[in-house]
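Asks: okay, predicted coordinates and the sequence, questions at the end:
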Amino acid sequence: MNAKPYRAPWEYDTKPFKIVENVYYVGNRNVSCHLFDTGEGLLLLDTGYTETAYMLFESIREMGFDPHDIRWIIHSHAHYDHFGATRYLVEKSGAKTYMPKKDMPFMSDPVMNGCAGAGLRYEPPYDCYFDVDVEMCDGDVYTFGNITMRAYDAPGHTPGTMAYFFEMPNGMIVGMHGGVGFNTLTSAYAARHNLGTSWRDAYGNTIKRLREFRTDVVIGNHPSQNQTFAKLEAMTEDHNPFVDPDGWSKFLDWVEEKYRGVLADDPM
Ligand SMILES: [Zn+2]
C-alpha cells in the first residue's frame, strides 16, 4: 500500500466478515467500521473515509444487509477518517448521527478534523459536512434495539474521544477504545496545533480508567490496533480469537507500552 487511503482507496479494500453474533467488520484495511444488527435496525460505528464509502456500502450488502436500514451512526472521535462517509450514509438512510460532545469544537475545525489535509471542505453544504443529532456525554446509556451501549470519555487522542461498551442480547460485552493513535501525542503535533501537554496526561489517565471495565470482545478503531486480520485468519469452526476475556487488559497493556515509549522518546 503506497498511497493514502483517500488517494487510492482500492488499495485498502478487504472483505467484510462476522466477528460475533450480530457484529460485523465492514471497514477497510486502514480504518475500522463495525455494523451491529440490533433486531430493530442497523447501527454503524464509524464510517471511514469519504473515498472508501463505495466499499463500505458493498461490504454492508455483502453481509446481507441494506445500507438504507442504518438507523444510528456512532462516531468514536471527530477525525475525518472515522466520519468521512457519514454524509453519504445519512443522505441514503436518514440515520441519526452521534458524536462525543467534547469533540464538537474540534470537529468544526477542518484542520483539526483532517478534512483540510485530505482536500475536502467541511462546511455546509459541501463534501462530508453533516449535522450531529446527538452529542454524547460521559456515562450516557443508549438503547438501540436489543443492544445497550454505554459511552465514556476516553480523551488523549482527541479531547473528546470516547470508549463504548455494547451489551449484546446474550450478555456478551463488545468494547472499543475510540482512539489510541499516538500521532497526536508528539511534540511536533502539539506545536503545530498550539496544544499544551494536557492531552498526554489525559491519555495516560484514560488507560488507567478503562482498566476498570469488563470486555469479552475487543474491537479496534483501526484494524492494526486489535490485530483484526490476524484474528480473522486464526478463526476456526470451534475457536473465535475475538472472544477473549483477557483481550481488553492485553490491549490496554499494549497501548500503555506504546504510550510510555512516546513519553520516553519525545519528552515535552
Ligand atoms: Zn484519529
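Replies: Perfect, thanks for sending it. Numbering: from 1, shown residues only.

Asks: which of the residues in stretch 28-40 are buried?
Replies: For stretch 28-40, a neighbour-count test (16 or more other CB atoms under 10 Å) marks 28, 29, 30, 31, 32, 33, 34, 35, 36, 37, 38 as buried. No exception for glycine: its C-beta is placed from N, CA and C like everyone else's.

Asks: that stretch: end-to-end distance?
Replies: 26 Å (CA to CA, to the nearest Å).

Asks: check whether that stretch comes near the ion.
Replies: No: Stretch 28-40 lies out of reach of the ion by CB under 5 Å from the ion, never closer than 9.1 Å.

Asks: got it, and stretch 224-243?
Replies: No: counting by CB under 5 Å from the ion, the ion has no neighbours in stretch 224-243; the shortest distance is 11.1 Å.

Asks: just the buried positions in that stretch, please.
Replies: In stretch 224-243, counting by 16+ other CB under 10 Å, buried: 225, 226, 227, 228, 231, 232, 242.

Asks: which residues touch the closest residue in space to the fourth one that isn't next to it in sequence?
Replies: The shortest distance from residue 228 to any non-neighbouring residue, by CB to CB, 6 or more residues apart in numbering, is to residue 220 (5.4 Å). By CB atoms under 8 Å, 6 or more residues apart in numbering, the contact set of residue 220 is 32, 176, 226, 227, 228.

Asks: gap between the third one and residue 177?
Replies: With distances taken as CB to CB, to the nearest Å, residue 226 is found 9 Å from residue 177.

Asks: mind listing the shared neighbours of these two?
Replies: Any residue near both residue 226 and residue 177 by CB under 8 Å, 6+ apart counts here, and that gives residue 251.

Asks: if we can go back for a sec, where does the residue nearest to residue 228 land in three-state SS?
Replies: Here residue 220 is recorded as coil under DSSP: H, G, I helix; E, B strand; the rest coil.

Asks: how close does it get to residue 253?
Replies: Distance of residue 220 to residue 253, given as CB to CB: 15 Å.

Asks: likewise residue 144?
Replies: 30 Å.

Asks: more neighbours: the two, which one.
Replies: residue 144 (19 against 13; other CB atoms under 10 Å).

Asks: I'd say that one and residue 44 touch.
Replies: No: with contact defined as CB atoms under 8 Å, residue 144 does not count as touching residue 44 (10.7 Å).

Asks: joint contacts of those two?
Replies: In contact with both residue 144 and residue 44: 36, 72, using CB under 8 Å, 6+ apart.

Asks: list the residues that contact residue 213.
Replies: Neighbouring residues of residue 213 by CB under 8 Å, 6+ apart: 152, 163, 165, 175, 248.

Asks: so it is in which element?
Replies: Using DSSP states H and E, residue 213 sits within no helix or strand.

Asks: ok, the residue nearest to residue 228 to residue 102 distance?
Replies: 22 Å.

Asks: do the same with residue 33
Replies: Separation of residue 33 from residue 102 (CB to CB) stands at 22 Å.

Asks: check residue 137 too.
Replies: Residue 137 is 8 Å from residue 102, where distance means CB to CB.

Asks: same question for residue 158.
Replies: Residue 158 is 8 Å from residue 102, by CB to CB.

Asks: tell me the contacts of residue 116?
Replies: 110, 122 are the contacts of residue 116 under CB under 8 Å, 6+ apart.

Asks: where in this protein is the helix or strand with the lowest mean pLDDT?
Replies: None of the helices or strands of the chain scores lower by mean pLDDT, DSSP states H and E than helix 187-192, at a mean of 84.

Asks: what's the helix or strand following it packed up against?
Replies: Later in the chain than helix 187-192, the nearest helix or strand by DSSP H and E is helix 198-210. The contact analysis (3 or more CB pairs under 8 Å, 6 or more residues apart in numbering; DSSP states H and E) places helix 198-210 against strand 147-153, helix 247-265.

Asks: the ones you listed: which one's closest to the ion?
Replies: helix 247-265 (14.0 Å; CB to the ion).

Asks: other SSEs contacting that closest one?
Replies: With contacts taken as 3+ CB pairs under 8 Å, 6+ apart, helix 247-265 sits against strand 173-177, helix 198-210, strand 217-218.
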